[in-house]
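Enquirer: Provide a 3D model corresponding to the input given below.
(one chain, ligands or ions: 2)
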Amino acid sequence: MLHWFDSIGARALRAYPYRMETYDGAPGPGGAPALSDAPVSDAGQPLADQPLTEQPGAAQPDAEEAATDQPVKLLPVAELHLHIEGTLEPELIFALAERNGITLPYADLDELRARYEFTDLQSFLDLYYANMAVLQTEQDFADMTRAYLARAAAAGVRHAEIMMDPQAHVSRGVPLGTCVNGVASVLANSLEEFGVSTLLIAAFLRDLSEESALEVLEQLLAMNAPIAGIGLDSAEVGNPPAKFERLFARAKEAGLHRIAHAGEEGPPSYIIDALELLDVERIDHGIRCMEDPDLVEHLVAERVPLTVCPLSNVRLRAVDTLAEHPLPAMLAAGLNVSVNSDDPAYFGGYVDDNFLQLQTVLGLSEFDRVRLASNSIRSSFADEERKTELLAELGYS
Ligand code: ADE
Ligand code: ZN
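Expert: Ligands and ions are numbered 1, 2, ... in the order given. Coordinates of the predicted model:
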């Protein structure tokens, strides 16, 4: 059964020789849905008893081998690492610019797309912040959010924890209420409208001061903004977690969840500090943990969720190629990793594109895809009822 939007499915089918179908709840090709607490493998054994499909250092199947006629199943997943401003597609940038009477510094879509060649995180951030100029009204924020949810739903996303960057909007004169209400008004009905449960996370820009972050957090609390948590993003190197201890303590006191980008470009010590100094519940990215075996051991023991974004890492040159991405080694090490799209409009794809390319290039097995999907659901801040519902769709009971 084809489940994709026609245009997206057609594009994907042109790019990859797969058949696409929805996930049928059976964690193995043709297998019966698993009814026990743990998913069964293709061989019918519980996941916990299975050897890891990718051992560190083991040869990975090459793309040729992976590109068989296997169906690519859309798994029900939670997207845990997504910047809503990073979902602004070029077409929407032009449409919003026109609606708001803004002259863009690009003549047309091609000229804008030609800028999507990044050398590092900062080179991306420069464009990402510049393009936000088209977001002026509640309607703009709502339209962007609706477009993401439609596309995410088509990618199999059933729960999304969505970051927004309030400081990036108030600093250019957009009232806090405008950006928050625009996004939140759509999230309020996301389950009914798109089948995607959602939470909103206010992310703070680590290249700005802690005072600025505290001021905006207090305003969000005072206006009773429907935020479930706070995050920490933007330029990582030189802006260590220690800079934001008071912010995260305040968020914890206010009963908010806490996450932080760490170990994307920054060193493994930033991951340790985010956990120890900021008391975060998840790490966004975290791929550089692989440079520190003691840290890996700790992350595995504590089952700390790492929200990995493979296509983002390639586009921002955190890794040279997808073939060299550490995800297989992270899975083999027993880390609690999930797959996410980060800024899908800028990095060449949504969650389904990430999964598809992982399967194509790294030969990611169905067994590991199910594990990644279940990690995402279990590591979310969704309530237990929603988690149980989504895990059941995945074949867990
Ligand atoms: N803001 C949006 N995307 C980001 C990323 N990948 N890293 C840090 N800050 C971001
Ligand atoms: Zn991010």
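
Enquirer: what's the neighbour count on V170?
Expert: Neighbour count of V170, defined by other C-beta atoms under 10 Å: 18. Backbone N, C-alpha and C define where each C-beta goes, glycine included.

Enquirer: Tell me who's in contact with the closest residue in space to it that isn't next to it in sequence.
Expert: Spatial nearest neighbour of V170, excluding adjacent residues (C-beta to C-beta, 6 or more residues apart in numbering): L176 at 5.4 Å. Counting by C-beta atoms under 8 Å, 6 or more residues apart in numbering, L176 makes contact with P166, H169, V170, V216, Q219, L220, M223, A225.

Enquirer: of all the residues in the stretch 251-397 of the chain, which ones are close to ligand 1?
Expert: Counting by C-beta under 6 Å from any ligand atom, the positions of the stretch 251-397 of the chain adjacent to ligand 1 are H261, E264, S312, D342, D343.

Enquirer: Out of those, name the ones that lie in strands.
Expert: Among these, the residues falling in strands (DSSP state E) are H261.

Enquirer: so how far is ligand 1 from the residue nearest to V170?
Expert: In this view, L176 and ligand 1 are 18 Å apart by C-beta to the nearest ligand atom, to the nearest Å.

Enquirer: quick one: pLDDT of that residue?
Expert: Confidence at L176, expressed as pLDDT, is 98.

Enquirer: just checking, which of the contacts of L176 belong to helices?
Expert: Using DSSP state H, the members of those that fall within helices are P166, H169, V170, V216, Q219, L220.

Enquirer: can you count the residues close to the fourth one?
Expert: By the criterion of other C-beta under 10 Å, V216 has 22 neighbours.

Enquirer: what packs against the one helix or strand A95 maps to?
Expert: Using DSSP states H and E, A95 maps to helix 90-99. Counting contacts by 3 or more C-beta pairs under 8 Å, 6 or more residues apart in numbering; DSSP states H and E, helix 90-99 is packed against helix 109-113, helix 138-154.

Enquirer: quick one: that helix to helix 138-154, angle?
Expert: 160 degrees (axes from the mean of the first three to the mean of the last three C-alpha atoms, to 10 degrees).

Enquirer: got a list of what the residue nearest to T137 when sequence neighbours are not counted touches?
Expert: In space, and not counting its chain neighbours, T137 is closest to T178: 6.6 Å by C-beta to C-beta, 6+ apart. By C-beta under 8 Å, 6+ apart, T178 lies in contact with Q136, T137, E138, F141, H169.

Enquirer: count of residues packed around the last one?
Expert: For H169, the tally of surrounding residues (other C-beta under 10 Å) stands at 22.

Enquirer: how about the helices in the stretch 1-150 of the chain?
Expert: For the stretch 1-150 of the chain, applying DSSP state H, counting those that start in this stretch gives helices covering 6-15, 63-66, 90-99, 109-113, 121-131, 138-154.

Enquirer: what's the most buried one of these?
Expert: helix 138-154 (a mean of 21; mean count of other C-beta atoms under 10 Å).

Enquirer: For that helix, name the packing helices and strands.
Expert: Short answer (3+ C-beta pairs under 8 Å, 6+ apart): helix 138-154 packs on strand 77-83, helix 90-99, strand 157-164, helix 176-187, helix 190-194.

Enquirer: okay, that helix in CSV with CA atoms only?
Expert: Only the C-alpha atoms of helix 138-154 are listed here, as CSV (Å, rounded to 0.1, in the frame of the first residue of the first chain):
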residue,chain,number,x,y,z
GLU,A,138,0.8,34.7,13.5
GLN,A,139,-0.5,33.5,10.2
ASP,A,140,3.1,33.1,8.9
PHE,A,141,4.1,31.0,11.9
ALA,A,142,0.9,29.0,11.6
ASP,A,143,1.4,28.3,7.9
MET,A,144,4.9,27.1,8.4
THR,A,145,3.8,24.8,11.3
ARG,A,146,1.0,23.4,9.2
ALA,A,147,3.3,22.7,6.3
TYR,A,148,5.7,20.8,8.5
LEU,A,149,3.0,18.7,10.1
ALA,A,150,1.5,17.7,6.8
ARG,A,151,4.9,16.6,5.5
ALA,A,152,5.9,14.9,8.8
ALA,A,153,2.7,12.9,8.9
ALA,A,154,3.5,11.6,5.4
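
Enquirer: Give me the residues contacting it.
Expert: Contacts for helix 138-154 (C-beta under 8 Å, 6+ apart): 3-5, 8, 79, 82, 84-85, 87-89, 92, 96, 99-100, 134-135, 160, 162, 178-179, 181-183, 185-187, 190, 193-196, 198, 344, 350-352.

Enquirer: Recalculate using a threshold of 7 Å.
Expert: Helix 138-154 is contacted by residues 4-5, 8, 79, 84, 87-89, 92, 96, 134-135, 160, 178-179, 181-183, 185-187, 190, 194-196, 350-351 when judged by C-beta atoms under 7 Å, 6 or more residues apart in numbering.

Enquirer: Mind checking which of the residues you listed are buried?
Expert: 4, 8, 79, 84, 87-89, 92, 96, 134-135, 160, 178-179, 181-183, 185-187, 190, 194, 196, 350-351 (16 or more other C-beta atoms under 10 Å).

Enquirer: those helices in the stretch 201-350 of the chain, which residues are they?
Expert: 210-222, 245-253, 268-277, 293-301, 310-315, 327-332, 344-347.

Enquirer: Find the closest residue to ligand 1 in the stretch 151-300 of the chain.
Expert: The nearest approach of the stretch 151-300 of the chain to ligand 1 comes at D233, 3.5 Å away (C-beta to the nearest ligand atom).

Enquirer: right, and that residue touches H261 too?
Expert: Yes - under the contact definition of C-beta atoms under 7 Å, D233 touches H261, with a separation of 4.9 Å.
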